[in-house]
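> Give me a 3D structure for the following:
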Amino acid sequence: MTDGVTFRVDCHVKVLNDRVVERAKRAGLDALVYAPHFTRLPEIRERAAAYSDDELLVVPAREVFTGTWRNRKHILAVGLEEPIPDFIPLETAMAEFERQDAAVLVPHPTFANVSLEQSDLGTYAETIDALEIYNPKHFPIHNRRAWNLGEAFSFPPITSSYAHLSRTVGVAHTAFETPIESEGDLVAALEDGVARRVVYENGLNRWATTATELGHLVYENTWKKVDRLFLSGTEPTHPEHIAYDGRFDDVAVY
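Next comes the predicted model:
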């Protein structure tokens with residue numbers, strides 16, 4: 001990296017495979033933040049390492065589902081050392097992020113029933129390191145609201161493809177004005193508020209992305225949700241799973 005060259009990061013993707021890596025490189029990305037649903041941190045780390053190479057850094061992260069399924073608030077953490085489960089109170093998750101000195105990012109703020117609300121942003125303003133001001137799954141009104149919230153709280157901005165589908169990777173990224181060669185570098189850039197730009201596509205391709213990703217969202221929250229909750233057994237990231245050694249049994253909310 002040299003002066004004047006930015007480091008392009010898709011700050012949140014849910015999928016990772018050969019096609020995703022190919023699309024990311026073709027889009028000129030330097031890194032992806034990989035945070036799949038209901039997957040424990042060791043598995044995320046292993047998969048991220050397997051797909052990282054000299055051209056593309058894949059950074060492991062966790063989007064934690066706090067609260068109950070009906071009223072869950074998603075929060076994204078980069079740089080965790082120890083696993084944190086889903087379905088715990090927001091205050092418990094935030095305390096764990098602080099204890100582990102992870103970078104705390106707010107994806108899709110105030111969107112539907114899966115996001116931090118304005119009051120949450122105020123409560124945890126000192127803990128939050130960045131806020132997503134553009135999400136290709138959103139309509140313009142949602143992105144404008146996110147941008148306004150970022151301005152109101154002076155949160156450094158980020159964007160991401162939020163790709164649940166491989167074809168979405170590369171439609172949005174955050175361009176940091178600093179070299180980033182490791183997970184630690186990215187955590188430092190986020191926590192230090194390093195200068196950056198949000199970059200995204202507009203036009204017909206943007207609306208095609210919105211339509212396909214929203215269609216996938218409907219799929220995820222209908223029969224697939226029922227299968228996950230009632231047919232698949234305890235999730236690997238459930239707080240009462242044996243992997244957490246009982247640390248979160250007392251705070252499990254689901």
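> Going by C-alpha atoms from here, please, whenever you check contacts or count neighbours.
Will do.
> can you pull out the helices in this structure?
18-26, 41-51, 90-99, 118-123, 140-153, 183-191, 204-220, 223-226 (DSSP state H).
> and residue 236, how many residues sit next to it?
Residue 236 sits with 16 neighbouring residues when counted by other Cα atoms under 10 Å.
> quick one: it from residue 11, how far?
Noted for residue 236: a distance of 24 Å to residue 11, by Cα to Cα, to the nearest Å.
> lowest-confidence helix or strand of the chain?
Sorted by mean pLDDT, DSSP states H and E, the helices and strands of the chain end with helix 223-226, the least confident at a mean of 50.
> these two touch, right, residue 94 and residue 126?
No: with contact defined as Cα atoms under 8 Å, residue 94 does not count as touching residue 126 (10.7 Å).
> quick one, which of these two is more surrounded?
Between residue 94 and residue 126, residue 94 has the larger neighbour count (other Cα under 10 Å), namely 19 against 9.
> Residue 134: what's it in contact with?
Each residue near residue 134 by Cα atoms under 8 Å, 6 or more residues apart in numbering is listed here: 108, 143, 146-147, 158-160, 198.
> Return the per-residue confidence for the residue nearest to residue 117 when sequence neighbours are not counted.
Closest residue to residue 117 apart from its sequence neighbours, by Cα to Cα, 6 or more residues apart in numbering: residue 110 at 4.8 Å. Residue 110 carries a pLDDT score of 93 in this model.
> For residue 9, see how far away residue 110 is.
For residue 110, the distance to residue 9 - Cα to Cα - is 23 Å.
> Equivalent analysis for residue 136, please.
15 Å.
> And residue 116, by the same measure?
Residue 116 is 23 Å from residue 9, where distance means Cα to Cα.
> So between these two, which is more surrounded?
The neighbour comparison of residue 116 against residue 9 (other Cα under 10 Å) goes to residue 9, with 30 against 22.
> Can you mark which positions in stretch 178-196 are buried?
178-180, 183, 186-191, 196 (16 or more other Cα atoms under 10 Å).
> Verify the stated contact: residue 85 with residue 237.
Yes: judged on Cα under 8 Å, residue 85 makes contact with residue 237 at a distance of 4.7 Å.
> Now list whatever residues contact both of those two.
Listed as contacting both residue 85 and residue 237 by Cα under 8 Å, 6+ apart are residue 40.
> between these two, who's got more neighbours?
Just comparing residue 85 and residue 237: by other Cα under 10 Å the higher neighbour count belongs to residue 85, 27 against 22.
> Distance of the more buried one relative to residue 55?
For residue 85 relative to residue 55 (Cα to Cα), the value is 31 Å.
> same thing with residue 84?
Applying Cα to Cα to residue 84 and residue 55 gives a distance of 30 Å.
> Give the residue from the two that has the larger number of neighbours.
When residue 84 and residue 55 are compared on other Cα under 10 Å, the one with more neighbours turns out to be residue 84, at 24 against 12.
> check contacts around that one.
41, 64, 93, 96, 237, 244.
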